[in-house]
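*Asks:* coords please:
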Amino acid sequence: MTNLIRTILIIAVLILIMTMVITVHAQVSQPLGPSSTLQYLTCTEVIPGVSGSNFSHVIVWLRLSNVTTPNGLLYLLNQLYYSPFSPYYHEFITPQEFAEWYSPPSYVFNYITKLAAKYGLIVNYTFPMLIEATGNASAVDNFLTALQTAPSNIQQWILAGECIPLGYFTVSKVVPTYKPQYMAIYLNTTGVNAMLNKDAKVLNKVPMQIFYNNVEIWLPKGLEFIYDELPLFSSGYTGQGLTIAIVDAFGDINFTLASNYVYQNIACQDLATFDSMFGLPPASCQVIYPTGTPVLTPYNLGTAEGWSYETALDVEYAHTMAPGAKILLVISPTSGDDLFVDVEYVVNKSLANFISLSWGAYEDAFYYPPPSYNLLYGYDEVFMQAAAEGIGVFAASGDSGAFDTGWLSYNMSMEPSTLYPASDPWVTGVGGTTLIGNITNVLTYRIEYAWNWNSTYMWGSGGGYSFAFDETPGQRLIHIIYELPYVYEPDLGIYFHTIGHRGVPDIAADADPFTGVLIVMNGTIQPILIGGTSLATPLSAGMTATIQSYIYGTGVDYTIGDLAPNLYLLYHYYPSQFYVIGGAYPTNMFYTGIPGAIFMTLGGQNGLYWVIPGQWNPVDGLGQINVYGLAHLLPYIIPRYFVYNQYG
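*Replies:* Coordinates of the predicted model:
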């Protein structure tokens, strides 16, 4: 063979390889968007062998109207959040306006609700983007089968339909379910109360933190101190007049009764005990069950007990950071998509100013057979409505670093993935840090590194790039970094081209269990140190509620809404004032206030990506909220302040 022929063959092979690579990249080089092929998941598909008489919910996810058209919903959202000169900037709409402008035609709702009634289902809710009904599994499956033959003028408005069997959701599941994002380590002690009295570091007679063996325990007052809330608290701004909704499955249950399958949610009682033990003011706490009270069974008891830790953590630390705000605990009877119906219930009834979601499912699981990624676009519509109404949603970015470790339980390869709903473009995704501090009467040292990926514990701050969604306008504005142009997804058999996709998270807060917190559950302080992005998320929601109360309290009519777009605008327009400078401060500064909106993450990684200090990164986002500094910088992007600061 001549050298020329060899050269031609080599070039041909290289061209073929490049073509194959480009073809693979093209599979996910851009978000796929909703499929025109409707995706239905019947009860027997969700849980093989489920009894036809089993009580179930069914959700039909609908396409909103007038979303991508000129002057449609996405245009409105971009004006609301990213255009300080727009007359729509932070001029939010009502649920009634949202339904009037963006709901599908009324004949779609009429057809589906009549079909549900024909099969003996009871319709619970008709929201702009979904219909939920209740009935036996056999009736739900018959309804879903009939819906697949609906006329084309009905089908064109449907994204997906799904069954959610109640009480059996953890058995043989083949669709994504949502898991709490907390991690815990057990303290080698049976006397937590004695440890609090003996070992707590005290400042001005207030217990702040405990150094115990190889862990650093942050007490509630210490977190308020270290995230620079005290200057606002001293002026009476503690989140008063605002409501933080926390949406969880099952709630904080009474374990003794639960062992006999008797359900009792004691979250508010535990919160009252927590307040008493840690010197916090009493909370306004309410519990609601929009999709029904949970029913405990042998199949879901372990899951319910796990969610109890989550619920106690969420409620107690949202209240810690916004002690004047009302806590609305919204409980789902399953860890499935009833969670999103409950979120929509809160949004559509304007029950909260901020919503904290410390749970999620990995995006890649929605693309694995049977594909269910249309569900992601149904959920996204819920968060678009929240953003349009000025309700800020925070969601945990996950505790498995940059990876979906769930595949390991199926003897499959761990692969990169972000967590949903943190990856939604209209949610503020919250990652995790290791919060290191030393408080003295004279000098206070504080520093945050990423909660590093640890392959032994299989934990670390979740982060990366979304399969499903484009980067947000704020991320385009600041030109976020794409640290890896593509990553391989072994279980999906594709290369994922990351550039142009939504970066996760937006911000971060303390999450490392080794710098974690204590919770009260079932009436006692548990002998565990708990962390995870389930801690970081309610911390961030609470801090934002406190900031909101300050902005209103100073006479400025400005609703924050979704926090992330506000931060990207501040980073773009006021970079020199955005970050806190330094890591050691005179202690009295935490009583008078530290300038700078965001504490910088100073290093770390999550298994694939690295922190870039002073820039957005797919580990900890922009960094961590400095309550005093952000409260004073946010007015800079309110139009009258913005014009003055930009043009004098």
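*Asks:* quick one, helices of the stretch 251-400 of the chain?
*Replies:* Secondary structure of the stretch 251-400 of the chain (DSSP state H, counting those that start in this stretch): helices located at 255-258, 267-278, 301-321, 338-348, 374-388.
*Asks:* Doesn't residue 58 lie inside a strand?
*Replies:* Yes: Residue 58: assigned to a strand according to DSSP: H, G, I helix; E, B strand; the rest coil.
*Asks:* tell me the contacts of it?
*Replies:* By Cβ atoms under 8 Å, 6 or more residues apart in numbering, residue 58 lies in contact with 116, 121, 132-135, 140, 143-144, 161-164. Glycine gets a C-beta too; all of them are placed from N, C-alpha and C.
*Asks:* which ones are touching residue 367?
*Replies:* Per Cβ under 8 Å, 6+ apart, neighbours of residue 367: 373, 467, 492.
*Asks:* so what's it scoring on pLDDT?
*Replies:* Residue 367 carries a pLDDT value of 92.
*Asks:* of the contacts of residue 58, buried ones?
*Replies:* When the contacts of residue 58 are checked for burial by 16 or more other Cβ atoms under 10 Å, the buried set is 116, 121, 132-135, 140, 143-144, 161-164.
*Asks:* The closest residue to residue 609 other than its chain neighbours: neighbouring residues, count only.
*Replies:* Leaving aside its sequence neighbours, residue 609 sits nearest to residue 618 (Cβ to Cβ, 6 or more residues apart in numbering; 4.3 Å). Using other Cβ atoms under 10 Å, residue 618 has 29 neighbouring residues.
*Asks:* same check, this time on residue 337
*Replies:* When counting by other Cβ under 10 Å, one arrives at 29 neighbours for residue 337.
*Asks:* Looks like it contacts residue 60 (just checking).
*Replies:* No: assessed by Cβ atoms under 8 Å, residue 337 is found out of contact with residue 60, at 11.2 Å.
*Asks:* Please, which helix or strand holds residue 633?
*Replies:* Here residue 633 is covered by helix 627-633, with elements defined by DSSP states H and E.
*Asks:* any idea of the mean pLDDT for that helix?
*Replies:* Helix 627-633 carries an average pLDDT of 97.
*Asks:* returning to what we had before: turn the helices of the stretch 251-400 of the chain into JSON lines, including mean pLDDT.
*Replies:* As requested, the helices of the stretch 251-400 of the chain are arranged in JSON lines below (pLDDT from 0 to 100):
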{"stretch": "helix 255-258", "mean pLDDT": "97"}
{"stretch": "helix 267-278", "mean pLDDT": "97"}
{"stretch": "helix 301-321", "mean pLDDT": "97"}
{"stretch": "helix 338-348", "mean pLDDT": "98"}
{"stretch": "helix 374-388", "mean pLDDT": "97"}
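*Asks:* who wins for proximity to residue 70 among these?
*Replies:* Closest to residue 70 of the helices of the stretch 251-400 of the chain, according to Cβ to Cβ: helix 374-388, at 17.0 Å.
*Asks:* pLDDT value on residue 176, please?
*Replies:* Looking at residue 176, its pLDDT is 73.
*Asks:* Next up, the contacts around it.
*Replies:* For residue 176, the contact set (Cβ under 8 Å, 6+ apart) comprises 361-362, 365-366, 372, 375.
*Asks:* which of those sit farthest apart?
*Replies:* 362 and 375, at 13.1 Å, using Cβ to Cβ across the contacts of residue 176.
*Asks:* OK, contacts around residue 258?
*Replies:* Contacts of residue 258 by Cβ under 8 Å, 6+ apart are 264, 296, 301, 304-305.
*Asks:* Turn those into a markdown table, columns for distance to residue 151 and neighbour count.
*Replies:* Listed next are the contacts of residue 258 as a markdown table, based on distance: Cβ to Cβ, whole Å; neighbours: other Cβ atoms under 10 Å:
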| residue | distance to residue 151 | neighbour count |
| --- | --- | --- |
| 264 | 47 | 14 |
| 296 | 42 | 22 |
| 301 | 44 | 18 |
| 304 | 41 | 24 |
| 305 | 46 | 16 |
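*Asks:* Return the member of those nearest to residue 285.
*Replies:* Looking across the contacts of residue 258 and measuring by Cβ to Cβ, the closest to residue 285 is residue 264, at 15.2 Å.
*Asks:* Excluding residues flanking it in the chain, which one is nearest the closest one?
*Replies:* That would be residue 254: by Cβ to Cβ, 6+ apart, it lies 4.2 Å from residue 264.
*Asks:* Equivalent analysis for residue 247, please.
*Replies:* Here the residue nearest residue 247, using Cβ to Cβ, 6+ apart, is residue 330, at 4.5 Å.
*Asks:* The one you found: neighbouring residues, count only.
*Replies:* With other Cβ under 10 Å as criterion, residue 330 counts 23.
*Asks:* Who are the contact partners of it?
*Replies:* Going by Cβ under 8 Å, 6+ apart, the list of residues near residue 330 reads 245-248, 287-290, 342-343, 345-346.
*Asks:* still on that earlier bit, which one, of the helices of the stretch 251-400 of the chain, ends up nearest to residue 444?
*Replies:* With Cβ to Cβ as the criterion, residue 444 lies closest to helix 301-321 of the helices of the stretch 251-400 of the chain, at 18.3 Å.
*Asks:* I'm done for today, thanks for sticking with me.
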